[in-house]
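Peer 1: how would this look folded up:
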Amino acid sequence: MNSPARALRARNLRTLAGLAALFLLPLVVAFFTYYGSPWRPARRVNHGVLITPARPLPPVRLPERRGAAAAHGTPLRGTWSLVYVGNGACDGACRQALWVMRQTRLALNNDMTRVQRVFLVSAECCAGELLGREQAGLEILDAAGPAGAALLREFPSPGRAHSLFVVDPLGNLMMSYDARRDPHGLLEDLKKLLKLSHIG
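Peer 2: Numbering: from 1, shown residues only. Purely as a prediction, here's the structure:
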C-alpha cells in the first residue's frame, strides 16, 4: 500500500475515533458521575409532602356552617379540595393558611372552579363573622363530632396548624404543604395535577 493511501486511511480512522468519542464520552461521564460519586439527581418534582400511599378518606357527611357564605355543603368527593384542619376560633396560623388557600385557588384562573376550599373545624365552631367577611365561598364543615373524629384521624397531626392538604376527587388524601412557605410551590403542583387529571 502506497504512502498517500496509508495516510488517508489513518486520517479516516482518526475521524471515526473522534466521532465515537464525541458520542461515548458523555455516556462515560454520566456513568461515573452517577455511580462513582455521591451526587444524585433530584428525584422530587413536587413541592409539597407526598402522602404515600394516598389515604382514602371515609365518606362521612358533616354539618355545614354557613358563616362564610359557602355555596354548598359537599363531602370531599367529586372535585379537588384544598383542606385546612383547625380550631374554629381561627387564630393567626389559621388565617394565614386560609389566605394561602384562597389566593392559590384564585391564581388557578380558569381551573379555579375545579378546586374547592374546605375548613374542617375540629373544635369551637366557628368564627362565622370573621370567616364570612374574609373567606367568601369557603366550605366550613363541623368535624367536632364522632363522624368528624374518624375523618380527622386520617390527616397527619404533626404541624397540622400550619398545614394545607390536597384531596383528589375520589376522596384520597394525597399531599400536604406548609402554609408558611412560598405558596408558588402549591400553585405549581396544583396546576400539574389539574393538567394531568381527567376527573374533577
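
Peer 1: once you drop chain neighbours, what's closest to Ile140?
Peer 2: Arg65 (4.3 Å; CB to CB, 6 or more residues apart in numbering). All C-beta atoms are positioned from the backbone trio N, CA, C, and that covers glycine.

Peer 1: wait, what's in contact with that neighbour?
Peer 2: 88, 121, 125-126, 128, 140-142 (CB atoms under 8 Å, 6 or more residues apart in numbering).

Peer 1: again, only using 6 Å
Peer 2: By CB atoms under 6 Å, 6 or more residues apart in numbering, the residues touching Arg65 are 125-126, 140, 142.

Peer 1: ok, so of those, who is nearest Gly185?
Peer 2: Set against Gly185, the nearest of the contacts of Arg65 by CB to CB is Ile140 (25.7 Å).

Peer 1: measure the closest one to Ala147 for me?
Peer 2: 16 Å (CB to CB, to the nearest Å).

Peer 1: more neighbours: which of those two?
Peer 2: Ile140 (29 against 15; other CB atoms under 10 Å).

Peer 1: what packs against the helix or strand containing the more buried one?
Peer 2: Assigned by DSSP states H and E, Ile140 falls within strand 139-142. Packing contacts for strand 139-142, counted by 3 or more CB pairs under 6 Å, 6 or more residues apart in numbering; DSSP states H and E, involve strand 64-65, strand 115-123.
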